[in-house]
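In: Prediction below, plus the sequence it came from.
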Amino acid sequence: MRLKNRRMSRVKLIAVLATLALLVAACGDDEEESVTTAAAQPDTTTATTAAAEPTPETTTATTRATTTTTAAPEMEEEEEEMEEEVTETTQAGPTRVEGGILRMVIGTEPKSLNPSIATSRFAQQISRGIIDVLMEKDVNNHPEPSGLITAYEQVDGLTWRFTVREGVSFHNGEPFNAEAAAASVRANRDTGGLRVYFTLIADAQAIDDTTFEIITTTETGIGLLPALLTETFVFPPAYLAEVGADEFGLAPVGTGPLVFEEWIPGERISASANPDYWNGAPTLDGVEWTWAPDANTRLALLQTGDADMIVTLSPQLFDDVEADDNLVLSAAPGGNKFFMGMNIHAPPMDDIRLRQAIAHAIDREALVGGVLEGRGGIANPNAFHNFFSSTGRHADDYYPYDPDRARELVAEVQAEGEIPPIPINYTVGRYISDKDMGEAVVGMLEAVGLPLEARALEPGEFIVALFTNQLGGTHQLPFDVRYPHEDVFMRTTFTSAGLVKACTSDRLDELATIGATAQTEEERIAAYSEVERIVLIDLVCWVSIYDQVDNFAYTTGLGGFHQRLDLQIDYEGLYFQE
């Protein structure tokens, strides 16, 4: 046992050092692979125990240490005593166990298991175990035809052709074919909370049993439509037509590794393994999900053995997991970028000097080091995530942390008349440390003399007001990249047709079209790097603060977990071990 503990300590140190190196690399300009590899590969997360994965059988090794010397004769007897046999015995790694029910605790009970309606990551950590997406992503977060779509080509500016995997069926026996794929594209376009992303799709129709085409409303450039299909959920056409989108969300049917079994409202949701899953039958017998809004409660359930896996701990709890030899912490940069958005179209934020003052007043490093204890995020001023090659190309011109300059700008505006209180809107209880982060930002802005109206809002109230453009002032929240293309920012935030209309201009509308239709990587980079310059420097309507480090914790009795950038879980790869 002593030797095992020493061995585990060395593995911990190696894992932590590897993680730190990757997190530092993630902050570099144009390091496209750094963040995505960290989220996708098993050796890029912080593993706190050597028992997390099976290791090869090891045997007893006996060596002899012999000391030779030319020292004086009186030392010979002492040196002879140093000669000894050193025996090192290592133990076999954990053994995979067939079957078992994974008990997973998420943050909140979903409102639906239709992933096009319930778009939160908590809800989709359930629904996407049951329902596949059309296009998979590789470890670099790029679209990859390795899932239900096995090949694709762009026929012309408006037409894309896709080949689907043969021999796949939905859990209710309906065949998955080209017609089902085309119908799913239309369903994602017409229903649910992600419709804004699908407005570029005019139609989708099957050509034959294994081929379908998508017609777009305008020309689309390289990578856009395949990227969108990584967030396109696959529905059984007959069943969806029979029950409708809302009823489907209560008893979902898909092609995924898990088959829905039961939902007892307020208590649990359960699913069983799909023995016919196209990507290999799961080792688990099934999964049972429960929920606990408080992170301390989730951790307590894990510590007492009442859960096998939990999601989203605050950084303040990381040490508690790492101190327990029976638990594993997996933490890596994810797809959430925490930012402050500013409404440039209404007073007082229509004065660019106030926006510049805010940009100068925010100390990213202090927020990450203080509120997130240096572990829950990575300070990053770029608007786009690091896996986009368009990001960071104007970093030398970003507004640096400079509270003195911020005070000068505030004084300049105040000399022309009293500044009305600026609404500072943030959520409480939706994101990691969101209340503490909101309060810390408010403190920094007050310190440079800005008059504020701090609004700590319940998540539902915040989201409704945000998407109906009623917040005013500023808003703080993470931006979640739903599909791996900069177009997701444009359709959500940076265009007049987007969901949030606080940071828009005619030029941004033009660039949205240019970027979406770019036929070369150079054209795409040029368009979106200009977008980043406009929102961060010219308009100053967006202040990026940090990239969130997402996390899971689980027992050493669970193996096969690899953290993904999109926080989805490959249930077919999980197994119990002993």
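Out: Sure, I can see it. The structure presented is a predicted model; accordingly, all values stated were derived computationally and were not measured.
In: now the longest strand belonging to the chain: how far from the chain's centre is it?
Out: For the chain, the strand reaching the highest residue count under DSSP state E is reported as strand 327-342. Averaging C-alpha coordinates over strand 327-342 and over its chain gives two centres that are 7 Å apart (C-alpha atoms, centre = their mean, to the nearest Å).
In: Run through who's touching the helix or strand that that strand is followed by.
Out: Counting by DSSP states H and E, the element after strand 327-342 in chain order, helix or strand, is helix 352-361. With C-beta atoms under 8 Å, 6 or more residues apart in numbering as the contact definition, helix 352-361 has outside contacts at 340, 342, 344, 348-349, 399-403, 405-407, 409-410, 412-413, 419, 422, 444-445, 447-448, 450, 474, 539-541, 543. Glycine gets a C-beta too; all of them are placed from N, C-alpha and C.
In: how about helix 352-361 as PDB, C-alpha atoms only?
Out: This file holds the C-alpha atoms of helix 352-361, laid out as PDB (Å, rounded to 0.1, in the frame of the first residue of the first chain):
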ATOM      1  CA  ILE A 352     -17.800  55.400 -26.000                       C
ATOM      2  CA  ARG A 353     -15.700  57.000 -23.300                       C
ATOM      3  CA  LEU A 354     -17.600  55.100 -20.600                       C
ATOM      4  CA  ARG A 355     -17.200  51.900 -22.500                       C
ATOM      5  CA  GLN A 356     -13.400  52.600 -22.700                       C
ATOM      6  CA  ALA A 357     -13.400  53.300 -19.000                       C
ATOM      7  CA  ILE A 358     -15.000  50.000 -18.200                       C
ATOM      8  CA  ALA A 359     -12.500  48.200 -20.500                       C
ATOM      9  CA  HIS A 360      -9.600  49.800 -18.700                       C
ATOM     10  CA  ALA A 361     -11.100  49.200 -15.200                       C
END
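In: Only the buried residues of that helix, if you could.
Out: Judged by neighbour count (16 or more other C-beta atoms under 10 Å), helix 352-361 contains these buried residues: R353, L354, R355, Q356, A357, I358, A359, H360, A361.
In: go on, stretch 242-254?
Out: Neighbour-count burial for stretch 242-254, with 16+ other C-beta under 10 Å as criterion, is recorded at A245, F248, G249, P252, V253, G254.
In: Dump the residues you listed to TSV, plus secondary structure.
Out: Output for the buried residues of stretch 242-254, formatted as TSV (DSSP: H, G, I helix; E, B strand; the rest coil):
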residue	secondary structure
A245	helix
F248	helix
G249	coil
P252	coil
V253	coil
G254	coil
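In: Please tabulate those in TSV, including the columns pLDDT.
Out: Listed next are the buried residues of stretch 242-254 as TSV, based on pLDDT from 0 to 100:
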residue	pLDDT
A245	95
F248	98
G249	97
P252	98
V253	98
G254	98
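In: Name the nearest of those relative to I514.
Out: Within those, the smallest distance to I514 is 34.1 Å, found for A245 (C-beta to C-beta).
In: Verify the contact between the closest one and I117 for me.
Out: Yes. With the criterion set as C-beta atoms under 8 Å, A245 and I117 qualify as a contacting pair; they are 6.3 Å apart.
In: if I look at these two, which residues touch both of them?
Out: Counting by C-beta under 8 Å, 6+ apart, the residues touching both A245 and I117 are T191, G192.
In: Now that S505 has come up, it's in contact with I534, right?
Out: Yes. S505 lies in contact with I534 (C-beta under 8 Å); the separation is 7.0 Å.
In: Looking at these two, which is more packed in?
Out: The neighbour comparison of S505 against I534 (other C-beta atoms under 10 Å) goes to I534, with 21 against 18.
In: Quick one: residues contacting the more buried one.
Out: Counting by C-beta under 8 Å, 6+ apart, I534 touches S505, R507, L508, L511.
In: can you tell me which two in those residues are farthest apart?
Out: S505 and L511 (9.3 Å).
In: And T520, how close does it get to E530?
Out: For T520, the distance to E530 equals 15 Å [C-beta to C-beta, to the nearest Å].
In: Please say which of these two ends up with more neighbours.
Out: E530 (20 against 10).
In: Enumerate every residue touching that one.
Out: If you count contacts by C-beta under 8 Å, 6+ apart, E530 has them with L511.
In: same deal with the one 5 residues further on?
Out: Under the criterion of C-beta under 8 Å, 6+ apart, the contact list for V535 reads A383, F494, C503, L508, C541, W542.
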